[in-house]
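Asks: Whatever this is, show me its structure:
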Amino acid sequence: MTAPVGPHELTTAHLRKRLEKVMPEELVAHTGEPDLEDESEGIMRRPDLMVIAWDDMEVPGSFDPRTLIAAVEVVSRSNPGNDWDTKMRDYPLMGIPVYAVFDPRTGTGAVLTDIHPTPGGPRYATRKDFVYGEDVTIGDWTIATDGLPRYPPDKLPA
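Replies: Residues are numbered from 1 along each chain as shown. The predicted structure follows:
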């Protein structure tokens, strides 16, 4: 008997299927290994979902983050700051042009684009917030967010 899949993993699976229905065949909404590594910045990350060309996956070792079309994260209920703060800083520094965040705690999210320089380093200039139930555009593709799982209220940290 296996453990049930939680809202985090279900959300990732839903997003993967929805994106792959609208993306061209040469792209994949990839989950899993390997990591993304930006050696020059000393940053290694593994997004919940990476939109990448099949050809860019044929590399030894880690993926080059600059080959990603988008990174998608589903906010962890135990460490939301990692997705909303740390990765929001790291992903533009790594050159990832689109960062989408889905938050099952609140049923909201944001898509961040347009990397621009700031005194504190590269940041996303454009942020489009959404609530579950609205359509959301990630890169060139629009998907529905209706029916995405939410964390049960009794499971939220205090």
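
Asks: make it CA atoms for all contacts and neighbour counts henceforth
Replies: Fine.

Asks: buried set for stretch 72-92?
Replies: By neighbour count on 16 or more other CA atoms under 10 Å, the buried set for stretch 72-92 is 72-77, 83-84, 87-92.

Asks: between the residues you listed, which is closest to residue 114?
Replies: residue 92 (8.9 Å; CA to CA).

Asks: Export only the CA atoms of the helix or strand hosting that closest one, formatted as CSV.
Replies: Applying DSSP states H and E as the criterion places residue 92 in helix 87-93. C-alpha atoms of helix 87-93 as CSV (Å, rounded to 0.1, in the frame of the first residue of the first chain):
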residue,chain,number,x,y,z
LYS,A,87,13.5,31.5,-5.6
MET,A,88,12.0,34.8,-6.7
ARG,A,89,15.5,36.2,-6.1
ASP,A,90,17.5,33.3,-7.6
TYR,A,91,15.6,32.5,-10.8
PRO,A,92,16.1,35.9,-12.4
LEU,A,93,19.8,35.8,-11.4
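
Asks: what's that helix in contact with?
Replies: 41, 43, 99, 115, 121, 122, 123, 124 (CA atoms under 8 Å, 6 or more residues apart in numbering).

Asks: Tell me which other helices or strands the helix or strand of the chain with the lowest mean pLDDT touches.
Replies: None of the helices or strands of the chain scores lower by mean pLDDT, DSSP states H and E than strand 36-38, at a mean of 79. Secondary-structure packing of strand 36-38 (3 or more CA pairs under 8 Å, 6 or more residues apart in numbering; DSSP states H and E): strand 43-45.
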